[in-house]
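Undergrad: Okay, sequence plus prediction incoming.
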Amino acid sequence: MITPHRLVHGIAPTLASLAVALGAGESRGQAVGTLIGWGDAFAGAAFPPPGAFRAFACGSEHAVGIRVDGTLEAWGNPKAGALNVPSGTFLAVAPSLKWSLALRTDGTLVSWGTAGGGWYPPPTGVYTTITSGSHNGYALRPDGTIAAWGADMSGLLAPPAGKFTALAAGNVHAVGLRTDGTLAAWGNNNSGQINAPPGQFVAIAAGEVHTLALTAAGEVVAWGSNTRGQCNVPPGTYKAIAAGGFWSLAIRTDGTLAAWGSDFSTQISTLPVGRYVAISAGRGFGIAMPEGCWANCDGATTTPTLTVNDFICFLNKFAAGDTYANCDGSAMPPVLNVNDFVCYVSAYAAGCP
């Protein structure tokens, strides 16, 4: 029996299996900011365009973001029409291998690109949450039940009954978060990726053949294929999770990033420093949204407006021992000096966020 890789007192068990590469979920706007990318530069997916976004998600070799005005922008590998985004305004995006799914502001669905040699047109109706796998799309109806479409294999079109609040899909498996916090998974189980553990959770993510879940206490649980260590969760507590093909990505409770698993595209070794509020993981690249612009420290606007309140906020963060008040990074622990104020003003002048 394959058991979940639960981090207990800093120890994560291991097991071996096989994975390929993918990890797509849904991105819904929770913050506004610029994006940074790292890892595989082959198709350009690790290089998000400038400007502010309020949601984003990675597919296998491309990514899609939602601008502040609700419109879509895609970047990366243009193969199979992956970058041909539709017009309109949107709430969420879920790119996958060679196709993408999006949730319009009116609750309807739209898809573009190709996958598995064909189109995966979504069903009609109104929905609240989306995710996409290599060959399937899933969406939650307003009553919390799951709609499934795409390739009919490995039980992918037979999601469990009941009411759910979140969905995630890998290559040929999917997982849902029930309204009571428990998990249900379906599809191919060749590496134990649908052997969801008991307990209550607040977030889920699915890689190619592994799955992650986050508890309210900040514990990350991982199960499924562990051929590259993608289930070996590092010690610590977390507040967000994402899964790529052979690797996993998370935001620690202090806002810093952690990543584990395959580093075949340097997505682990080039993990950026800093603090972040949102993440997504692709085949061999990651994208993250930095935590606020310290030039607009009080967060009063989504466009930087520097006021006396920002300087007060800046000083208060320093007094609280916040290293990000030490803008120039010249010392640890933070030592505030004139260079920090120059750095702070320069960040504002650069158009932060």
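TA: Yep, that arrived.

Undergrad: remind me which residues of the stretch 201-350 of the chain are low pLDDT?
TA: 292-296, 299-305, 322-334, 347-350 (pLDDT under 70).

Undergrad: List the residues that contact the nearest residue to residue 81 once chain neighbours are set aside.
TA: Distances taken as Cβ to Cβ, 6 or more residues apart in numbering put residue 113 closest to residue 81, at 4.7 Å, once the chain neighbours are dropped. In this view, the C-beta of every residue, glycine as well, is placed from N, C-alpha and C. Residue 113 makes contact with 80-82, 84, 98-100 under the criterion Cβ atoms under 8 Å, 6 or more residues apart in numbering.

Undergrad: if you set the cut-off to 7 Å instead, what comes out?
TA: Under the criterion of Cβ atoms under 7 Å, 6 or more residues apart in numbering, the neighbours of residue 113 are 80-82, 98-100.

Undergrad: Please indicate which of those residues are buried?
TA: Neighbour-count burial (16 or more other Cβ atoms under 10 Å) applied to these gives 80, 82, 98-100.

Undergrad: between those residues, which is nearest residue 264?
TA: Nearest to residue 264 among these is residue 98, at 20.4 Å by Cβ to Cβ.

Undergrad: Could you double-check that the closest one lies in contact with residue 80?
TA: Yes: under the criterion of Cβ atoms under 7 Å, residue 98 makes contact with residue 80 at 4.1 Å.

Undergrad: hey, what's in contact with both of those two?
TA: 113-114.

Undergrad: still on that earlier bit, which ones among the buried ones among the contacts of residue 113 are found in helices?
TA: Per DSSP state H, helices hold no members of the buried ones among the contacts of residue 113.

Undergrad: Contact partners for residue 63?
TA: 45, 48, 56-57, 74-76, 95, 282, 287.

Undergrad: With residue 89 instead?
TA: Listed by Cβ under 7 Å, 6+ apart, the contact partners of residue 89 are 70-71, 104-105.

Undergrad: ok, those vs residue 130, which is closest?
TA: residue 104 (10.5 Å).

Undergrad: How about that closest one: which residues does it bridge to?
TA: residue 90 (DSSP bridges).

Undergrad: and it, how many neighbours does it have?
TA: Number of residues near residue 104 (other Cβ atoms under 10 Å) recorded here: 17.

Undergrad: coming back round to it: quick one: which of the buried ones among the contacts of residue 113 is nearest residue 158?
TA: residue 99 (21.1 Å).

Undergrad: I'd guessed that closest one sits against residue 110; true?
TA: No: between residue 99 and residue 110 there is no contact under Cβ under 7 Å: 11.2 Å.

Undergrad: Can you say which of the contacts of residue 89 are buried?
TA: The neighbour-count test (16+ other Cβ under 10 Å) marks residue 104 as buried among the contacts of residue 89.

Undergrad: Closest one of the contacts of residue 89 to residue 62?
TA: Among these, and counting by Cβ to Cβ, the member closest to residue 62 is residue 71, at 16.8 Å.

Undergrad: Now for that closest one: which residues touch it?
TA: Applying Cβ under 7 Å, 6+ apart, the residues near residue 71 are residue 89.

Undergrad: Okay, it and residue 55: tell me how far apart.
TA: 11 Å (Cβ to Cβ, to the nearest Å).

Undergrad: Would you mind giving both backbone torsions of residue 273?
TA: phi -90, psi 170 (degrees, to the nearest 10).

Undergrad: Skip the chain neighbours and tell me the closest residue to it.
TA: Among residues not flanking residue 273 along the chain, residue 256 sits closest, at 7.3 Å (Cβ to Cβ, 6+ apart).

Undergrad: I'd say that neighbour and residue 279 touch.
TA: No: with contact defined as Cβ under 7 Å, residue 256 does not count as touching residue 279 (11.3 Å).

Undergrad: what about those two, which has more around it?
TA: residue 279 (22 against 16).

Undergrad: my guess is that one is in a strand, correct?
TA: Yes: assignment of residue 279 by DSSP: H, G, I helix; E, B strand; the rest coil places it within a strand.

Undergrad: Quick check: bridge partners of it?
TA: Beta-bridge partners, per DSSP bridges, of residue 279: residue 288.

Undergrad: now swap in residue 183 and tell me
TA: Under the criterion used (DSSP bridges), residue 183 bridges to residue 177.
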